[in-house]
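1. Just the structure for this:
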Amino acid sequence: MQTYAVLSHKKNELVMKKLFLAFFLIYSSLCFSQISVSNNHNRNTKKLDTAVFNSFKKTETIFVLPSIINTETYNAILKEYWKITPYQLVDYKTFKFKNYPGNKYSFVYLDTSIKTIDKSRAINIYIYANLDLFMRNKDLKEKHKDKWFEKKTDIARVLLFPKNDFLKTLANARDKKSDLKKLTHENDVFYNFNAGYFKNYIQKIHQELTKQNTKNNEPYYVYENDFLPEIKNLATATLYIPEYLGLKFNGFRETNTNKNVNHIKKLFSAYDFEYRIVKNSELNTLIMENKDFYYAKFIRINTQRFLHIINAHTGEIIYRKYLPGIAYNLNSKHIANLNSKIKKAQLQ
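-> Reported below is the predicted structural model:
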């Protein structure tokens, strides 16, 4: 969830900033995790219900995805990594839910919604952007049939991190659903969405869904803090750092104050191993070429932050850290924690 505050033109800036910060704190506890596989994508998440999972396996999954990635690339990824259900890839411009009625279908759908709270001194705007996997609720009572989307059966979710440059544009499109959909489907709006990232999301979600057939079918969500033994590989492997980790967000001004390689170097002064700073485009190419390496991913959802280390070849998240506290950015102590876990894994 991203938050953007618009000041009423008759009110002063100082009051707006105070209100913006207040709402930032109040709503931060309602956010969702970056990747979740569950019927309930929040901090009280539950494991995926067996009956729901069995129903899901009988569906055909309809993928409705941003057109910034071409159809051939999407199909190549899904053909190789999506085995759990048959699927179709449908253009968002022609897609309509009514064309896929009943319980024969599941959906992977980019849902961007914007909610506003109009206070006397500011309009507070909350931007939600998620790539969701879900089905219709077959037990939904008839009186709720026309509101099925709000009561859908969730299966998995990827939370998307809108680029700061688009926040005002997204906010301005809040009353025009067609404009909002076009913006999010035809533009490079998110820090954490490209072909390589999508490939790793599909791999990870598929891994977790496959576990539903085993005893290891616990819910998966990133409020957990853990690491896999595989993290010890970072003692000798180069960790790739996307440039956007160098962004510093200013909560009062609602801006990113820099995109500075030197800032990343400062952050990683607490890291004792090799790393390399790369552009998102280069990272995408390496993932799509099936290179075997690890990369860092940072997600900010209001004042909640998450740091992940991902195996680019398998999509596995080998380190996940929820960063609590009222703040917006990474700092060196977070990297120091990663550093300590690598050393701990070496000793195990």
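
2. For the stretch 151-300 of the chain, just list every one of the strands.
-> 153-159, 226-227, 239-242, 247-250, 255-259, 275-278, 294-301 (DSSP state E, counting those that start in this stretch).

3. Name the next helix or strand downstream of the last one, please.
-> Tracing the chain past strand 294-301, the next element assigned as helix or strand by DSSP states H and E is strand 304-311.

4. helices or strands next to the host helix or strand of Glu80 in the packing?
-> Taking DSSP H and E as the criterion, Glu80 maps to helix 71-81. On a contact count with 3 or more CB pairs under 8 Å, 6 or more residues apart in numbering; DSSP states H and E, helix 71-81 meets strand 87-89, helix 195-210. Placement of C-beta: from N, CA and C, glycine included.

5. which one of those is the most hemmed in?
-> helix 195-210 (a mean of 21; mean count of other CB atoms under 10 Å).

6. Give me the angle between that helix and strand 294-301.
-> 90 degrees (axes from the mean of the first three to the mean of the last three CA atoms, to 10 degrees).

7. now for helix 195-210, which elements pack on it?
-> Short answer (3+ CB pairs under 8 Å, 6+ apart): helix 195-210 packs on strand 35-37, helix 71-81, strand 153-159, helix 280-288.

8. So which residues make contact with it?
-> 35, 37, 48, 53, 65, 69, 73-74, 77-78, 81-84, 131, 133, 155-156, 158, 220, 283-288, 310, 312, 314-317 (CB atoms under 8 Å, 6 or more residues apart in numbering).

9. and the residues you listed, which are buried?
-> Neighbour-count burial within those applies to 35, 37, 48, 53, 65, 69, 74, 77-78, 81-82, 84, 131, 133, 155-156, 158, 220, 283-284, 286-288, 310, 312, 315-317; the criterion is 16 or more other CB atoms under 10 Å.

10. At which residues are the helices of this structure located?
-> 13-27, 50-57, 71-81, 167-172, 177-186, 195-210, 261-267, 280-288, 332-347 (DSSP state H).

11. Those helices: which one's closest to Gly102?
-> helix 50-57 (11.7 Å; CB to CB).

12. Need the contact partners of that closest one.
-> So helix 50-57 is contacted by 39, 84-85, 103, 106, 135, 138, 153, 155, 209, 212 (CB under 8 Å, 6+ apart).

13. let's see it at 6 Å
-> 106, 153, 155, 212 (CB atoms under 6 Å, 6 or more residues apart in numbering).

14. Could you check the angle it makes with strand 153-159?
-> 80 degrees.

15. so what's the nearest residue to Asn137 once chain neighbours are set aside up against?
-> Nearest residue to Asn137, sequence neighbours excluded (CB to CB, 6 or more residues apart in numbering): Thr153, at 4.9 Å. For Thr153, the contacting residues are 52, 134-135, 137, by CB under 6 Å, 6+ apart.

16. Specify which member of the residues you listed is nearest to Leu247.
-> For the contacts of Thr153, the nearest to Leu247 is Phe134 (31.0 Å; CB to CB).

17. Share the number of residues neighbouring that closest one, please.
-> Using other CB atoms under 10 Å, Phe134 has 19 other residues around it.

18. Could you tell me what pLDDT the model assigned to the residue lying closest to it once chain neighbours are set aside?
-> Nearest non-adjacent residue to Phe134, counting by CB to CB, 6+ apart: Lys152, 4.5 Å away. As predicted, Lys152 sits at a pLDDT of 89.

19. Tell me how far Lys152 lies from Thr61.
-> To Thr61, Lys152 is 14 Å away according to CB to CB, to the nearest Å.

20. Residue ranges of each domain in this protein, please.
-> 2-213, 226-347 (automatic domain parsing).

21. quick one: which of those has the weakest pLDDT on average?
-> Across the domains of the chain, domain 2-213 gives the lowest mean pLDDT, at a mean of 78.

22. residue closest to the middle of the chain?
-> Leu159 (2.4 Å; CA atoms, centre = their mean).

23. Name the residues linked to that one by a beta bridge.
-> On the basis of DSSP bridges, Leu159 is bridged to Asn130.

24. shift numbering so it begins at 475
-> With 475 as the first residue, the last one maps to Leu633.

25. picking that back up, quickly name whichever of the contacts of Thr627 is closest to Val663.
-> Using CB to CB, the contacts of Thr627 come closest to Val663 at Phe608, 21.3 Å.
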